[in-house]
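J.: Here you go, sequence then predicted model.
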Amino acid sequence: PALTQQSRQRLVLALAAIAVHLCATTWSNVVPDLLSMSGAQPQCAWCIILAIPEQLASVVHTYVKTNQRTVALLTGAPALLAAALAQRPAEGGLEAATGT
């Protein structure tokens, strides 16, 4: 059965929170993994990636730029930028709002 929009949004935020919590320990390849997911579920994967900064800000209580989670996520920045640049705009040239 299909998930409701609200359930999808909750799942996106939950996965973003999990990504932030585990990126410096057991899930060091979080960005490449999410990018690989974008082939099959692009809207979900990109929404997770876009939600990561908000989730990171909510758990980091030190200077964000030197936090180990931030540093771990930044290692995926080149791949993230390359994938973002490779995306084609939606028809009509406008992207739909995600609601997250």
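T.: Arrived safely, thanks for sending.
J.: Around Gln9, how many other residues sit close by?
T.: Residues near Gln9, counting by other C-beta atoms under 10 Å, number 16. For every residue, glycine as well, the C-beta is placed using N, CA and C.
J.: What does Val30 show for phi and psi?
T.: phi -60, psi -50 (degrees, to the nearest 10).
J.: Any idea how many residues pack against it?
T.: Using other C-beta under 10 Å: Val30 sits among 25 other residues.
J.: What residues does it make contact with?
T.: Ala19, Leu22, Cys23, Ala72, Leu73, Gly76 (C-beta atoms under 8 Å, 6 or more residues apart in numbering).
J.: separation between the residue nearest to the last one when sequence neighbours are not counted and Ala16?
T.: Just to be clear, that refers to Gly76. Leaving aside its chain neighbours, Gly76 sits nearest to Val31 (2.5 Å; criterion: C-beta to C-beta, 6 or more residues apart in numbering). From Val31 across to Ala16, the span is 12 Å (C-beta to C-beta, to the nearest Å).
J.: Pull up the overlap in contacts between these two.
T.: Listed as contacting both Val31 and Ala16 by C-beta under 8 Å, 6+ apart are Ile49.
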